[in-house]
Structures are given as structure tokens and as C-alpha cells.
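**Student:** here's my sequence, what's the structure:
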Amino acid sequence: MTTPADRPPSVDKLARSIADVGLPHPMLVEAARAAIAAGDPGGARRIADDMARRTLRPVINGTGTLLHTNLGRAPMGFEQAATYTNLELDLTTGERGSRMATAGALMARACGAEAAIVVNNCAAAVLLVLAGLADGRDVVVSRSELVEIGGGFRVPEVMDRSGARLLEVGTTNRTRRADFEKAVVDPDNDVGIVLQVHQSNYRIIGFTEAPRTAELADLGVPLVADIGSGLLDSRCPWLEGGPPGWLADEPAARQTLDAGAGLITFSGDKLLGGPQAGIIAGRADLVALCARHPLARALRPGGLVLGALQATALAYLAEDGQAIPFWRMASASVDALTARAEALGVGVPTDTQSTPGGGTLPGVEIPSVGVRVGGDRRSELRNRERPLIARVVDGNTIIDLRTVHADDDTEVTAALTALD
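**Tutor:** Residues are numbered from 1 along each chain as shown. Below you'll find the model as predicted:
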């Protein structure tokens with residue numbers, strides 16, 4: 001005979017007992033059922049906690065990687081009230097407008113382009129440009145730029161999906177202007193565009209050669225340059241001290257257009273410091289061809305992304321780098337970081353090296369300062385209510401303060417104090 005003690009607990013009662021986890025009741029019921037089915041009703045809270053930890057939540061980035069792909073790349077804050085916006089309404093005429101007339105127009109102004117449109121990431125920008133300008137035609141690319149970046153994004157495969165035909169020139173390590181010119185003038189080819197692709201997360205070093213943008217701008221077909229990281233201007237007029245040394249040789253939007261590129265594509269959430277987005281900027285006629293392509297509607301971003309990108313563009317136009325969290329962190333002085341490390345009052349202040357991250361400037365290190373504690377304490381820090389993500393160097397856990405907002409220093413102190 002089954003006694004009350006032998007019966008499984010009520011699913012609903014068990015779910016309500018763990019309501020403080022903060023998940024909706026149906027998810028708590030799911031956790032309760034899973035625990036009962038496993039013969040461990042007491043494990044319901046652990047299961048619910050694991051479910052909660054799989055939702056998006058704020059973390060503190062103590063890794064020193066400024067554009068940490070796993071942590072959302074560029075940090076930014078953008079708030080919009082629960083209200084309607086003039087997303088596709090021209091307030092001057094009262095007629096239907098274009099969502100590209102706001103953020104796109106501002107981005108064009110910020111990088112010195114005639115026009116610009118915005119899509120949901122840089123891969124989408126490249127796809128749309130290929131489809132809009134070279135569907136059924138040849139696209140000339142150097143073999144050294146047939147890259148694969150994170151998430152399996154391969155240039156040849158994206159080109160195939162766009163309807164364009166890949167026409168490789170040069171070799172892995174050496175490509176010259178003459179290679180591109182020969183491909184363009186060959187009557188057997190039907191070249192739509194010449195494409196330059198940012199090498200992003202790797203470098204070829206040693207016996208190498210590649211033509212500059214200006215050398216490919218007069219071949220008789222549009223030159224499209226995927227500059228990837230989204231540096232707007234190599235002069236960095238938004239920074240009081242001008243461009244930092246670690247940006248040397250990074251292609252910039254304004255200078256690439258000035259060199260003769262017809263179009264450029266770049267990311268919104270890397271060196272631009274904005275939301276995930278892809279920007280297509282350059283000649284108005286080429287931008288218009290991309291905007292009219294059917295894929296443009298499928299790849300367009302929503303109002304929240306455009307609002308965040310607009311805020312970012314306005315900060316650039318105001319030359320206010322301190323309003324862009326990425327640049328505020330990237331430009332912090334070592335002295336300021338040292339003072340913060342000492343003020344924490346826990347851990348050992350230590351010199352360290354930050355990195356740009358996000359497939360940007362591989363191999364580049366930026367002098368920084370953090371604090372260290374002995375041993376690998378990453379799991380304990382990661383399992384806090386607000387996770388603190390750290391790294392381990394030589395058996396010590398390092399929290400690099402360059403990627404920690406100064407307002408979070410007290411929370412870092414509390415997290416490290418709790419380890420003792």
C-alpha cells in the first residue's frame with residue numbers, strides 16, 4: 001500500500017516553493033516535473049537556477065577583451081520609452097518615410113559617404129552588396145582574402161548564396177593590381193565588382209604583397225571594401241588625444257572612401273562601439289541598388305537597433321568619445337586604471353594586457369591594469385548573481401579593469417572579498 005510519504009510531491013506546490021528564483025510559473029513547473037521525474041524533488045531549485053542562468057543577463061567583463069564576442073562585443077546602453085516612434089514617418093510632410101532616413105543618413109554623414117543603409121550585421125551587409133551589385137556576375141577577390149571568420153562565415157559560401165560568381169586572383173600571400181586588372185579586362189569575364197575583404201581575425205606575415213584601395217579604384221568597375229571593424233576615421237577626432245598607437249594600419253571608413261572605394265561595409269558593434277548592425281556606405285547610386293534589392297527588407301534591423309545606432313552616430317558627430325562606452329574604456333589611461341586597482345582594497349594590483357577582440361586587430365595588446373588573486377577562481381566569480389567573468393594567467397585569476405565600468409568597482413570588491 002502506498003503511503004503519503006511514498007507519493008511524489010505536488011508539482012504545483014513544489015514549483016511555488018521555488019518562486020523566488022524569479023522565473024515564470026510555467027518554467028518553474030517544468031523544473032519541478034524534471035526533478036520529480038529524476039527522483040530528486042529537492043533538485044528542483046538547482047534545475048530552475050540553471051534555467052535562469054541560460055537567460056540573457058548583465059555580466060561584468062573582467063577579461064580585458066574589449067570586444068568580447070561571447071559577451072556581446074561593444075558594451076552600450078540605450079533606453080527607449082514604451083512609446084511609438086517616427087520609424088517610417090516623415091514628420092515634415094506627414095507621409096510615409098524610410099527607416100533608413102535616420103540612422104543611415106547620420107552614419108553616412110559621420111563617415112563622409114553620400115549615402116548609407118543599415119542591415120542586421122556585417123555578413124548581411126556583404127551578402128546584400130553582392131546580391132545587389134553582382135547577381136549572376138563575377139566578383140574579383142584576392143585569394144589572400146577568402147576568409148572564414150567566427151560562426152562559419154566564409155566569403156566563398158556567402159558569395160554563392162548571393163548569386164554572384166567568385167573570381168579568384170593572385171596567390172595566398174601575394175596579389176598585385178595587375179591581377180585584378182587582367183581579370184576585369186578579360187572578355188571572357190563579366191565582372192560586376194572588385195571586392196576587398198578585411199582579414200579580420202588573422203594576419204599573413206612575411207613575404208606578402210597586396211594592392212592598396214587607391215590602386216584598385218580606377219579599374220572601371222565599382223570597388224567594394226569590407227573594412228570589417230567599423231573604425232570611422234583614422235584621425236579619431238572624438239578622442240582628446242587623437243588615435244591610440246594600437247590602431248595603426250587599421251582601415252577606416254572615411255579614408256577608404258577617400259581612397260576611391262565605391263562602397264564600404266562594416267560592423268556596428270566593433271570599433272564603432274554601437275549595436276550589432278551592418279552598415280553599407282558610399283556612392284548614393286550603389287547604395288540605392290542595394291536598398292532596392294528584395295533581400296534588403298529581409299535583412300533590415302528593427303527600431304531599437306536603429307535608435308541605438310542613431311545615438312552612436314550622434315556621439316561621433318559631436319566628437320564625444322566619452323559618450324561611447326567602448327572608447328571610454330579603450331582610452332582609459334594606465335594611471336587611472338592603477339588608481340582604481342589600488343582603491344579596490346582587495347587582490348593585488350597588477351600590470352596586464354588588454355586586447356581589442358571581436359576579430360579586430362589580432363595580436364594587438366593594450367597596456368592595462370587589473371587585480372589578481374591566487375588560483376583559478378573563475379567558476380566562483382561566474383556563479384555570482386551578477387556574473388564576473390575573469391581570466392587565468394600563470395595560475396592566477398586576473399580581473400582587468402579596462403573592461404570593467406568604474407561604477408562596478410564596488411561589486412568587484414565584494415566579489416573578490418567573498419572568495420576569502
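**Student:** quick one: low-confidence ranges for this structure?
**Tutor:** Applying pLDDT under 70 to the chain flags the ranges 1-6, 148-153, 199-208.
**Student:** longest strand in it, please.
**Tutor:** strand 366-374 (DSSP state E).
**Student:** need the contact list for the residue nearest to Leu219 when sequence neighbours are not counted.
**Tutor:** Using CB to CB, 6 or more residues apart in numbering and skipping residues adjacent in sequence, the residue nearest Leu219 is Val184, 4.9 Å away. Heads up, the C-betas are built off the backbone N, CA and C, glycines and all. By CB atoms under 8 Å, 6 or more residues apart in numbering, Val184 lies in contact with 140, 191, 194, 219-221.
**Student:** which of those are buried?
**Tutor:** Among these, those classed as buried by neighbour count (16 or more other CB atoms under 10 Å) are 140, 191, 194, 219, 221.
**Student:** so the residue at minimal distance from the centre of the chain: helix, strand or coil?
**Tutor:** Most central in the chain under CA atoms, centre = their mean is Asp269, positioned 3.4 Å from the mean C-alpha point. Per DSSP: H, G, I helix; E, B strand; the rest coil, the secondary structure class of Asp269 is coil.
**Student:** among the buried ones among the contacts of Val184, which are located in strands?
**Tutor:** Judged by DSSP E, strands contain the following of the buried ones among the contacts of Val184: 140, 191, 194.
**Student:** wouldn't the second one be in contact with Glu181 here?
**Tutor:** Read it as Val191. No. Applying CB atoms under 8 Å, one finds Val191 not in contact with Glu181, separated by 10.5 Å.
**Student:** got phi/psi on Asp226?
**Tutor:** Dihedral pair for Asp226: phi -90, psi 100, per degrees, to the nearest 10.
**Student:** now do the same contact list for it.
**Tutor:** 122, 125-126, 195-198, 264-266.
**Student:** who's it bridged to?
**Tutor:** For Asp226, the beta-bridge partners under DSSP bridges are Val197, Thr265.
**Student:** what sits against Glu342?
**Tutor:** By CB under 8 Å, 6+ apart, Glu342 lies in contact with Pro349.
**Student:** please repeat the previous calculation with a cut-off of 10 Å.
**Tutor:** Contacts for Glu342 (CB atoms under 10 Å, 6 or more residues apart in numbering) come out as 349, 369, 371.
**Student:** can you count the residues close to the first one?
**Tutor:** If you count neighbours by other CB atoms under 10 Å, Pro349 ends up with 18.
**Student:** now the last one
**Tutor:** Neighbour count of Val371, defined by other CB under 10 Å: 27.
**Student:** pretty sure Ile389 contacts His68?
**Tutor:** Yes. Using CB atoms under 10 Å, Ile389 is in contact with His68, at 7.9 Å.
**Student:** which neighbours do the two have in common?
**Tutor:** With CB under 10 Å, 6+ apart, Ile389 and His68 have common neighbours 59, 61, 403.
**Student:** ok, and the most crowded of these?
**Tutor:** Thr403 (27 neighbours).
**Student:** tell me how far the residue lying closest to that residue once chain neighbours are set aside lies from Thr360.
**Tutor:** Once flanking residues are discounted, Thr403 sits nearest to Asn61: 4.3 Å by CB to CB, 6+ apart. Using CB to CB, to the nearest Å, Asn61 is found at 16 Å from Thr360.
**Student:** next: Pro251.
**Tutor:** Going from Pro251 to Thr360 by CB to CB gives 11 Å.
**Student:** find residues that contact each of the two.
**Tutor:** 198, 228-229, 231.
**Student:** what is the nearest of these to Arg73?
**Tutor:** Closest approach to Arg73 among those (CB to CB): Ser229, at 10.5 Å.
**Student:** next, count neighbours for the closest one.
**Tutor:** 24.
**Student:** can you pull the contacts of it?
**Tutor:** Each residue near Ser229 by CB under 10 Å, 6+ apart is listed here: 67, 122, 198, 200, 247, 250-253, 266-267, 269-272, 356, 358-361.
**Student:** what of Ile389?
**Tutor:** Residues in contact with Ile389 (CB under 10 Å, 6+ apart) are 59-63, 65, 68, 70-71, 378, 381-382, 399, 403.
**Student:** likewise Pro222?
**Tutor:** Residues counted as contacts of Pro222 (CB under 10 Å, 6+ apart) are 129, 133-134, 191-195, 261-263, 282-283, 285-286, 289.
**Student:** narrow these to those that are buried.
**Tutor:** For the contacts of Pro222, a burial check counting by 16+ other CB under 10 Å picks out 129, 133-134, 191-195, 261-263, 282-283, 286, 289.
**Student:** nearest to Gly22, of the contacts of Glu342?
**Tutor:** Nearest to Gly22 among these, with distances taken as CB to CB, is Val371, at 30.6 Å.
**Student:** find the nearest non-adjacent residue to that closest one, please.
**Tutor:** In this structure, Val371 finds its nearest non-sequential neighbour in Gly347, 3.3 Å apart by CB to CB, 6+ apart.
**Student:** tell me which of the contacts of Asp226 is nearest to Gly303?
**Tutor:** Using CB to CB, these come closest to Gly303 at Ala125, 18.9 Å.
**Student:** hang on, isn't the closest one packed against Gly282?
**Tutor:** No. Under the criterion of CB under 10 Å, Ala125 is not in contact with Gly282, lying 11.3 Å apart.
**Student:** shared neighbours, those two?
**Tutor:** Counting by CB under 10 Å, 6+ apart, the contacts common to Ala125 and Gly282 are 224, 263-265, 290.
**Student:** now, of those, which are buried?
**Tutor:** 224, 263-265, 290.
**Student:** farthest-separated two in those residues?
**Tutor:** Distance extremes for those: the farthest pair is Ile264 and Cys290 at 12.0 Å, using CB to CB.
**Student:** overlap in contacts, the two.
**Tutor:** Shared contacts of Ile264 and Cys290, counting by CB under 10 Å, 6+ apart, come down to 125, 129, 280, 282.
**Student:** among these, which ones are in strands?
**Tutor:** 280, 282.
**Student:** wouldn't Arg109 be in contact with Tyr316 here?
**Tutor:** Yes. Arg109 lies in contact with Tyr316 (CB under 10 Å); the separation is 9.1 Å.
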